[in-house]
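**Student:** let me see the structure of the following:
(chains A and B)
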Amino acid sequence: KAGVTQTPRYLIKTRGQQVTLSCSPISGHRSVSWYQQTPGQGLQFLFEYFSETQRNKGNFPGRFSGRQFSNSRSEMNVSTLELGDSALYLCASSLAPSGSTLNYEQYFGPGTRLTVT
Amino acid sequence: QQQVKQSPQSLIVQKGGISIINCAYENTAFDYFPWYQQFPGKGPALLIAIRPDVSEKKEGRFTISFNKSAKQFSLHIMDSQPGDSATYFCAASSDTDKLIFGTGTRLQVFP
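**Tutor:** As a prediction, the model looks like this:
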């Protein structure tokens, strides 16, 4: 079974631009979560989607948004990029969403390394 | 209430030794406690997970010990190998909340 895939793997953008990252979950997984990882802040939750609906959202500004498609693939968008948005953006998929007692094991993709200059 | 505190920040162990990483939580509603292993340039990989109905879970050289009354759980890596050198994250979630991660422990195993 193929794992979680994320594209692109690396991205360099300038301040003020916007960026879209893509995530394809493991086949059969319907829940997708996004995380931002930085050396200073660690792994921070961005949002979670299940069946095309946002279930949870972390404490990030409205410049960060996401969506999920009917095939469970997900995208996240960051508008008006700032230097502080430079990070590794990780996508994780699971069979069931948070709040489930079963099958909530999350499997991470390799991440997209975003550098904002 | 939402924090998961992880220690130590870094750990150096000789090959063959035992690596122990500890985590503590406050939210008594947490009911799922996974550990993730992350190598440089890779995403975190699920290593082992436990639910509070058991006090210990073992998978190969990896063991989670769980102390519900103390609100603590730990990862033990027996017979540590250089290939175990990575960053380890504990995490916790409840039936109403997403995964909350610890700050990570960088483990270095020297031959």
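**Student:** number of nearby residues for the residue in chain B that chain A sits nearest to?
**Tutor:** Nearest residue of chain B to chain A, counting by Cβ to the nearest Cβ: B:Gly43, 3.5 Å away. C-beta coordinates here come from the backbone N, C-alpha and C atoms, glycine included. By other Cβ atoms under 10 Å in any protein chain shown, 21 other residues sit near B:Gly43.
**Student:** what does A:Thr112 give?
**Tutor:** A:Thr112 has 21 nearby residues by other Cβ under 10 Å.
**Student:** that one pairs with what?
**Tutor:** A:Tyr89 (DSSP bridges).
**Student:** ditto for A:Leu11
**Tutor:** A:Leu114.
**Student:** contact partners of stretch B:38-53?
**Tutor:** Contact partners of stretch B:38-53, identified using Cβ atoms under 8 Å, 6 or more residues apart in numbering or on different chains, comprise A:4, A:43, A:90, A:92, A:105-111, B:30-37, B:56-57, B:59, B:62-64, B:66, B:68, B:73, B:75, B:86-89, B:104.
**Student:** again with stretch A:109-117
**Tutor:** By Cβ under 8 Å, 6+ apart, stretch A:109-117 touches A:3-15, A:19, A:21, A:23, A:37, A:78, A:81-93, B:41-43.
**Student:** show me what the residue of chain A found nearest chain B is bridged to.
**Tutor:** Nearest residue of chain A to chain B (Cβ to the nearest Cβ) works out as A:Phe108 at 3.5 Å. For A:Phe108, the beta-bridge partners under DSSP bridges are A:Ala92.
**Student:** now B:Thr105
**Tutor:** Here B:Thr105, judged by DSSP bridges, has bridge partners B:Tyr88.
**Student:** per-residue confidence for it?
**Tutor:** Model confidence at B:Thr105, given as pLDDT, is 97.
**Student:** wouldn't it be in contact with B:Tyr88 here?
**Tutor:** Yes. At 4.9 Å, B:Thr105 counts as touching B:Tyr88 under the criterion of Cβ atoms under 8 Å.
**Student:** what sits against A:Thr14?
**Tutor:** By Cβ under 8 Å, 6+ apart, the neighbours of A:Thr14 are A:Leu81, A:Val116, A:Thr117.
**Student:** can I get those residues in TSV with pLDDT and secondary structure?
**Tutor:** Putting the contacts of A:Thr14 into TSV (pLDDT from 0 to 100; DSSP: H, G, I helix; E, B strand; the rest coil) gives the following:
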residue	pLDDT	secondary structure
A:Leu81	98	coil
A:Val116	98	strand
A:Thr117	97	coil
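**Student:** show me what contacts the nearest residue to B:Cys23 once chain neighbours are set aside?
**Tutor:** Nearest residue to B:Cys23, sequence neighbours excluded (Cβ to Cβ, 6 or more residues apart in numbering or on different chains): B:Cys90, at 3.7 Å. By Cβ under 8 Å, 6+ apart, the contact set of B:Cys90 is B:Val4, B:Gln6, B:Ile21, B:Cys23, B:Phe33, B:Pro34, B:Trp35, B:Tyr36, B:Phe73, B:Leu75, B:Phe101, B:Gly102.
**Student:** take those residues and keep only those in strands.
**Tutor:** B:Val4, B:Gln6, B:Ile21, B:Cys23, B:Phe33, B:Pro34, B:Trp35, B:Tyr36, B:Phe73, B:Leu75, B:Phe101 (DSSP state E).
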